[in-house]
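> sequence below, structure please.
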Amino acid sequence: MTNFTMQSIIAAKQKRKRRFVWLTTLLASISLVLCVAMLMLGNTIYPVSDVIRVLLGEDVQGASFAVGTIRLPRMLAGLFAGFAFGLGGYVFQTMLRNPLANPNVIGITSGSSAAAVFCIIVLQASNTMISIASVIGGLITVIAIFFLSKGSSFSIGRLILIGIGIQAMLTAFINYLLLIGNTHDLPTAMRWLSGSLNGAKMETLTPLVVAVFIFTPIILMLSKRLAILELGEQTATALGVDTNKSRVLLLVSAVIILALATATTGPIAFVAFLAGPIAKRLVGHGFSALLPAGLVGVILVLAADLIGQFAFTARYPVGVITGIIGAPYLIYLLIRINRKGDI
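I've put the predicted structure just below:
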């Protein structure tokens, strides 16, 4: 290999690295701007100086309650849930090598939702119990999907179809719970199922925040293995990757943060579905889009919540806005995959 070729390769790699750093910084900056907007905007608009004073612990008349008690938990819920949905969705789509293989479509989010709704309507359980049940429900759903799709050989298409079937069953179970539930529990369950940041409280955010800080580094450390898994089972094994161990670690980490995000905000539609493809297109080849996918998830959730609050005469939950955005893309993707014959 000539020196000129080596220099070209190094220059191209440095160019991709600069693009990755620039893009990640841009996405983080947009996320920060949206976080500040979430704290400033409402029935009363507070200046940045008042917001900063409240965050520093000062008592500012009017702003302390509005910003510290109402807007800050709402913003943090959107921040951490959006990041969890974006990161977890990207893990599933990359590992299973299909944009349809995301938690919303293959039923994992529905497993967490069914467990949470059961706790809300039947058990009338605490938020802690709802979080634990969501994680267990998500993990059981993942195990069931992989077990049923295993067959004589692993098939991504079979996994997606079985996941869609399980999602339909879980949706029917959720509808049954809503049908038999007490009238005073239904508004809570319906608001939760729509995917909403309304009513977020600091004490309910702790499990999600802790899980994101614990499992995000684990997923990022496995980013190279995830990229190799995207090449296929045989190639990954030939390159020395322990595919079973890597897949289990990635799945468990992703399911836990996804389930806790779902328990905190409800199943915000299509964020896990959209964040990965958007981030991958922006980053391009050569670098993992894990972190950008999480940031895209944050932007989608916070921007959709601001739109739902202020763009219409009525206020809509964030899940309604993301559903409006994501549904056409899902239809387009299904048509494209059907034409290619990938499923």
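
> ok, now which ones touch the residue nearest the centre of the chain?
For the chain, the residue nearest the mean C-alpha position is residue 85 (0.5 Å; CA atoms, centre = their mean). For residue 85, the contacting residues are 103, 258, 261, 268, 271-272, 275, 297, 301, by CB atoms under 8 Å, 6 or more residues apart in numbering. For glycine as for every other residue, the C-beta is placed from the backbone atoms N, C-alpha and C.

> what pLDDT does the spatially closest residue to residue 141 that is not a sequence neighbour get?
Distances taken as CB to CB, 6 or more residues apart in numbering place residue 111 nearest to residue 141, at 2.9 Å, with adjacent residues excluded. The model reports residue 111 with a pLDDT of 86.

> repeat that for residue 124.
On the pLDDT scale, residue 124 gets 79.

> skipping its backbone neighbours, what lies nearest it in space?
residue 185 (6.9 Å).

> double-check the one you found against residue 120; I have them as touching.
Yes - counting by CB atoms under 8 Å, residue 120 is a contact partner of residue 185 at 6.1 Å.

> coming back round to it: let me know the helix or strand that the residue nearest to the centre of the chain is in.
helix 72-95 (DSSP states H and E).

> what residues does the very next helix or strand once past that helix touch?
In the C-terminal direction, the helix or strand that comes right after helix 72-95 (DSSP H and E) is helix 108-118. Outside helix 108-118, the residues within contact range by CB under 8 Å, 6+ apart are 92, 103, 130, 133-138, 140-142, 145, 163, 166-167, 170-171, 173-174, 177-178, 189, 192-193, 255, 258-259, 262-263, 266-267, 272.

> need the next SSE after helix 108-118, C-terminal direction.
Heading C-terminal from helix 108-118 (DSSP H and E), you reach helix 127-150.

> using CSV, write out every CA atom in stretch 86-105.
Output in CSV follows, covering the C-alpha atoms of stretch 86-105 (Å, rounded to 0.1, in the frame of the first residue of the first chain):
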residue,chain,number,x,y,z
GLY,A,86,-33.6,6.6,20.7
LEU,A,87,-30.7,4.6,22.0
GLY,A,88,-32.7,1.4,22.6
GLY,A,89,-34.4,1.6,19.3
TYR,A,90,-31.1,2.0,17.5
VAL,A,91,-29.7,-1.1,19.3
PHE,A,92,-32.6,-3.3,18.1
GLN,A,93,-32.6,-2.0,14.6
THR,A,94,-28.8,-2.4,14.2
MET,A,95,-28.5,-5.8,15.9
LEU,A,96,-31.3,-7.3,13.9
ARG,A,97,-30.4,-5.5,10.7
ASN,A,98,-33.8,-4.2,9.9
PRO,A,99,-35.4,-0.8,10.5
LEU,A,100,-38.7,-2.6,11.4
ALA,A,101,-37.1,-4.4,14.2
ASN,A,102,-37.7,-1.7,16.8
PRO,A,103,-39.4,-2.0,20.2
ASN,A,104,-42.6,-0.3,19.0
VAL,A,105,-43.2,-2.6,16.0
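
> what comes up buried for it?
86-96, 98-105 (16 or more other CB atoms under 10 Å).

> what do you get for stretch 219-232?
Under the neighbour-count criterion of 16+ other CB under 10 Å, stretch 219-232 has 219, 222-223, 225-229 buried.

> what do you get for stretch 323-339?
323, 325-326, 330, 333, 337.

> where along this structure do the strands fall?
Here the chain has no strands by DSSP state E.

> columns pLDDT on top of the buried residues of stretch 323-339, output as a markdown table?
Listed next are these as a markdown table, based on pLDDT from 0 to 100:
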| residue | pLDDT |
| --- | --- |
| 323 | 86 |
| 325 | 84 |
| 326 | 82 |
| 330 | 75 |
| 333 | 72 |
| 337 | 65 |
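
> show me where pLDDT drops low in the stretch 1-150 of the chain?
Under the criterion pLDDT under 70, the flagged ranges of the stretch 1-150 of the chain are 1-13.

> what about 90?
1-21, 41-70, 92-150 (pLDDT under 90).

> what do you get for the stretch 151-300 of the chain?
Ranges of the stretch 151-300 of the chain meeting pLDDT under 90: 151-168, 170-171, 174-207, 222-252, 254-256, 258-260, 262-270, 272-290.

> show me where it has helices.
156-180, 186-193, 202-221, 223-229, 233-238, 243-265, 271-283, 290-310 (DSSP state H, counting those that start in this stretch).

> that older thread, more crowded one of residue 185 and residue 120?
Applying other CB atoms under 10 Å to residue 185 and residue 120 shows that residue 120 carries more neighbours, namely 22 against 16.

> contacting residues around the nearest residue to the more buried one once chain neighbours are set aside?
Nearest residue to residue 120 in three dimensions, chain neighbours excluded: residue 189, at 5.0 Å (CB to CB, 6+ apart). Residues near residue 189 by CB under 8 Å, 6+ apart: 117, 120-121, 177-178, 181.

> where does residue 199 fall, phi/psi-wise?
phi 80, psi 10 (degrees, to the nearest 10).
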